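# Return atomic coordinates for the entry below.
(chains A, B, C and D)
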There are 4 protein chains.
Amino acid sequence: MNAPVDPRFAARCRESFARQKAMTLIGARLTAVEPGATEIALPYRDDLTQQKGFVHGGIIGMIADTACGYAAFSLMPADCSLVTVEYKINILAPARGALVARGEVVKAGRSLTVARAEVYAEDGKHIATMQQTLMMLPDTPDTPE
Amino acid sequence: MNAPVDPRFAARCRESFARQKAMTLIGARLTAVEPGATEIALPYRDDLTQQKGFVHGGIIGMIADTACGYAAFSLMPADCSLVTVEYKINILAPARGALVARGEVVKAGRSLTVARAEVYAEDGKHIATMQQTLMMLPDTPDTPE
Amino acid sequence: MNAPVDPRFAARCRESFARQKAMTLIGARLTAVEPGATEIALPYRDDLTQQKGFVHGGIIGMIADTACGYAAFSLMPADCSLVTVEYKINILAPARGALVARGEVVKAGRSLTVARAEVYAEDGKHIATMQQTLMMLPDTPDTPE
Amino acid sequence: MNAPVDPRFAARCRESFARQKAMTLIGARLTAVEPGATEIALPYRDDLTQQKGFVHGGIIGMIADTACGYAAFSLMPADCSLVTVEYKINILAPARGALVARGEVVKAGRSLTVARAEVYAEDGKHIATMQQTLMMLPDTPDTPE
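Residues are numbered from 1 along each chain as shown, chains lettered A, B, ... in the order given. Next up, the predicted model:
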């Protein structure tokens, strides 16, 4: 249903992700990029936790946010940039191990895209669900100014 | 309006925050705790950024999430724990410097609390706004099991 | 996956829906109830529109909200009541005809349930998507006090 | 802070609101329009209720949604139209009487506006809080095509 307009979409997403130093900081990896869908893996680390030893809800939000973002970015023209307008996440269960976030585009509009991400634990447990809105900035580089 | 039931509320919030290794990882500090209100400061660091050099939206979400959480936690009994049910954040402007997140309780219910956080840049620019729902777990330690 | 604890779940949902005078006001009907899933149909009416003649976004929210609610209610014990904690909806496209809202449970917890609804036009166009949190009140009648 | 670009902003909002047949259906009135802020009053009616006799959460969402929308619309040029991108609402307390929704603009951007609404009961009880995103459509009539 979602056809990428840029044949280099996967490489473009991987290059952009590699520039996200915050993803490097937390150890997240972009493990799959399809047209309108992505997967981000986050190995468990002690320094990603909150006060009770579970993965911090904000860290779960970070990978879900980024999974949605690259799902949207994969469908966009090569010369545009993308900003997150807003997102909403429900934390469904506490997480104490490695996580995977799967993002997918719900609706790709002219300027706005709505995406969704599901976060799962290694045992398949559903950890979180996110709904996000993004806005395309045409003719804007996706690199630091 | 919001009277804390635990006179040690500020110390309890600071001790809990100090156990949040994810906050240490990103360099966030809990700079103020009042009954039903908190402030978290986040100095700018290059490793907190996304692909264009702005502070990652998920990092902004992390400090807003935590500011809401401790605003709620400050009003709770000493022997309870708190879980984030969900949050929704609008990113209002890109951020390229230090940030401060101010959380406050909107409604403290018996089991559910609704809180809000505003994130500002050093020049006063409004960066993000969050609305969050939290649930109190009575008789539950706020420490790793 | 979702097994109803109350064998009368469908009748109980229909009886509760029939007491929702706001659903009668807008002409919505509960057209399907499965364990953890519902469908609500809303015929088009001129008096449901906003200033441009499209179905009002708040009306779309009403049927999505109610579809989520009864999806959650279908899985609950007979002697409980349910309150909406919060919901978030993205309007994906304007609507000028009959609508159907399909609700389903994402996670049924002990006290909190997370549900989702998709709203479609008759031609299959995706009109809106909602993510919702509900709280069960045990031993509480679902009727006016 | 928010200066209206259209001196006829209040009349324009009232004329647009008067075209919202869904507002007429539920008996809502636009009782105040300031630059970037509005107030909508909803008298209690039995036919606005859910199964327990409280005002339906979706009805509460309708007036909050509309209060946000006209707060944003008041700041816009005369020749544009506005669409709701998304909203998120927390229901804080059940309501069994007349309601008032107060909307205000949080950030008015070039194309996107973020607004917020608070819904109160007559006795001052805080009933709901909403955070909303809207998009301006330039050079688009705010009337049926």
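# Find the residue at the geometric middle of chain A.
residue A:67 (1.5 Å; C-alpha atoms, centre = their mean).
# Let's verify that one: helix, strand, or coil?
Classification of residue A:67 using DSSP: H, G, I helix; E, B strand; the rest coil returns helix.
# Wait, it touches residue A:105, no?
No. Residue A:67 is beyond contact range of residue A:105, at 11.0 Å (criterion: C-beta atoms under 8 Å). Every residue, glycine included, has its C-beta placed from N, CA and C.
# Per-residue pLDDT of the residue located most distally from the centre of chain A, please?
Distance from the C-alpha centroid of chain A peaks at residue A:52, with 25.3 Å (C-alpha atoms, centre = their mean). pLDDT, the model's per-residue confidence, is 95 for residue A:52.
# Let me see the contact set for it.
For residue A:52, the set of contacting residues under the criterion of C-beta atoms under 8 Å, 6 or more residues apart in numbering or on different chains consists of A:94, B:19, B:81, B:142-145.
# Are the helix or strand where residue A:64 lies and chain B in contact anywhere?
Element membership of residue A:64, judged by DSSP states H and E, is helix A:57-73. Yes. Helix A:57-73 is in contact with chain B by C-beta under 8 Å from any C-beta of the partner chain, via A:57-59, A:61-63, A:65-66.
# With pLDDT and neighbour count as extra columns, can I get these in TSV?
Output for those, formatted as TSV (pLDDT from 0 to 100; neighbours: other C-beta atoms under 10 Å in any protein chain shown):
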residue	pLDDT	neighbour count
A:57	97	27
A:58	97	28
A:59	98	28
A:61	98	30
A:62	98	30
A:63	98	28
A:65	98	30
A:66	98	30
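# any idea of the mean pLDDT for stretch A:118-135?
Stretch A:118-135 carries an average pLDDT of 98.
# Could you confirm whether that stretch reaches chain D?
Yes. Part of stretch A:118-135 sits close enough to chain D to count as contact by C-beta under 8 Å from any C-beta, namely A:133, A:135.
# measure that stretch end to end?
For stretch A:118-135, the first and last residues are 21 Å from each other (C-alpha to C-alpha, to the nearest Å).
# Could you list the buried residues of it?
When burial is assessed from 16 or more other C-beta atoms under 10 Å in any protein chain shown, stretch A:118-135 yields the following buried residues: A:118-121, A:127-135.
# Next, give me the two most distant ones among those residues.
Comparing every pair within the buried residues of stretch A:118-135 by C-beta to C-beta identifies A:121 and A:135 as the most remote, at 31.4 Å.
# Wait, residue A:5 touches residue A:76, no?
Yes. Using C-beta under 8 Å, residue A:5 and residue A:76 qualify as a contacting pair, with a distance of 7.2 Å.
# more neighbours, the two?
Per other C-beta atoms under 10 Å in any protein chain shown, whichever of residue A:5 and residue A:76 has more neighbours is residue A:76, with 23 against 11.
# Spit out the contact partners of the more buried one.
If you count contacts by C-beta under 8 Å, 6+ apart, residue A:76 has them with A:5-6, A:82, A:136.
# Strands of chain A, start to end?
The residue ranges that make up the strands of chain A, judged by DSSP state E, are A:29-34, A:37-42, A:81-91, A:99-108, A:112-121, A:126-137.
# which stretch among those strands comes nearest chain B?
Minimum separation from chain B across these (C-beta to the nearest C-beta) falls at strand A:81-91, 3.8 Å.
# how about low-confidence regions in chain A?
Scanning chain A for pLDDT under 70 picks out the ranges A:1.
# rerun at 90
For chain A, applying pLDDT under 90 flags the ranges A:1-4, A:110, A:145.
# List, one by one, the residues from it near chain C.
Counting by C-beta under 8 Å from any C-beta, chain A comes close to chain C at A:88, A:90, A:92-93, A:106-107, A:109, A:114, A:116, A:126, A:129, A:131, A:133.
# Now residue A:139: closest residue in space that isn't a chain neighbour?
residue A:79 (5.8 Å; C-beta to C-beta, 6 or more residues apart in numbering or on different chains).
# from what I can see the one you found touches residue A:143, true?
No. Counting by C-beta under 8 Å, residue A:143 is not a contact partner of residue A:79; they are 11.5 Å apart.
# what is residue A:82 paired to in the beta sheet?
When bridges are called by DSSP bridges, residue A:82 pairs up with residue A:136.
# Now for it: which residues touch it?
Residues in contact with residue A:82 (C-beta under 8 Å, 6+ apart) are A:69, A:72-73, A:76, A:113, A:134-137, A:142.
# any idea how far residue C:29 is from it?
Taking C-beta to C-beta, to the nearest Å as the criterion, residue A:82 is separated from residue C:29 by 40 Å.
# cool, residue A:131 as well?
27 Å.
# thinking again about what came up before, out of the residues of helix A:57-73 next to chain B, which are close to chain D?
Among the residues of helix A:57-73 next to chain B, not one lies near chain D by C-beta under 8 Å from any C-beta.
# Let me know the closest of those to residue C:43.
Among the residues of helix A:57-73 next to chain B, residue A:65 lies closest to residue C:43 (C-beta to C-beta), at 38.3 Å.
# related to what we said a few turns ago, now do the same contact list for the residue nearest to residue A:139.
A:138-141.
# So which of those wins on neighbours?
Within these, most neighbours by other C-beta under 10 Å means residue A:140, with 14 neighbours.
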